[in-house]
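In: Need the 3D shape of this:
(one chain, ligands or ions: 1)
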Amino acid sequence: MEEEFKIFVDRLKHGEVEEIDESYDPSFLSIQEKELVFPEPINVQGEAYIAEEDLVLRLDIDTKAILPCRICNNPVNVDIVLEGHYHIVPLSEIKSGVYSVKDHIRETLLLETPQFAECDDMCPEREKLKHFFSNSKNEDINHPTYQPFQNLKLGEINQIDEKPLEEK
Ligand SMILES: [Zn+2]
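Out: You can find the predicted model right below:
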């Protein structure tokens, strides 16, 4: 499993371009949130190369997430699609000569996942709730203060994979 995340920097030292075309099992995300599920593989395509003193990754990432509708709480499928996403890592930070894209893909996906979803773009329950909101344009619905994933800290994510890559 770990192998498919590795980029061997030494193989790119002479202008080579590594094609990336992977479909990662979503279990590597280790999502603990009950209300956030990634039910499908994480598809990642793109390329890796070295530009001067940096490793450059250009990635297209796509998958789906399921999160609760902010109005009725039913599960909603959300497409997560990133195209032409760049990630640049100074070679001086890749001391082992092997870079794992795993943490970066995880962080990027979590940042890209919306905090709110709504069924069919307009939840049928919305009408019923309307009278709870004083503003006729439903401003309160569109700018809720409740943030379901606010406790998901990116700092903790990084700790998950700090074991040396060679261990697995
Ligand atoms: Zn709904």
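In: Using the three-state scheme, assign the residue nearest the centre of the chain.
Out: Centrality entry for the chain: nearest residue to the mean C-alpha point is residue 109, 0.6 Å, by C-alpha atoms, centre = their mean. Three states are possible here, and by DSSP: H, G, I helix; E, B strand; the rest coil the one that applies to residue 109 is helix.
In: Next one: it, what pLDDT does it get?
Out: Reading off the confidence values, residue 109 has pLDDT 94.
In: what does residue 165 give?
Out: Taken from the predicted model, the pLDDT recorded for residue 165 is 48.
In: Quick one: end-to-end length of stretch 81-100, please.
Out: 21 Å (C-alpha to C-alpha, to the nearest Å).
In: shift numbering so it begins at 40
Out: All right, first residue 40 from here; so that's stretch 120-139.
In: That stretch: which residues count as buried?
Out: Of the residues in stretch 120-139, those buried under the neighbour-count criterion (16 or more other C-beta atoms under 10 Å) are 121, 124, 126, 128, 130, 133, 137, 138, 139. Placement of C-beta: from N, CA and C, glycine included.
In: Which of the residues you listed fall in helices?
Out: Counting by DSSP state H, no part of these is found in helices.
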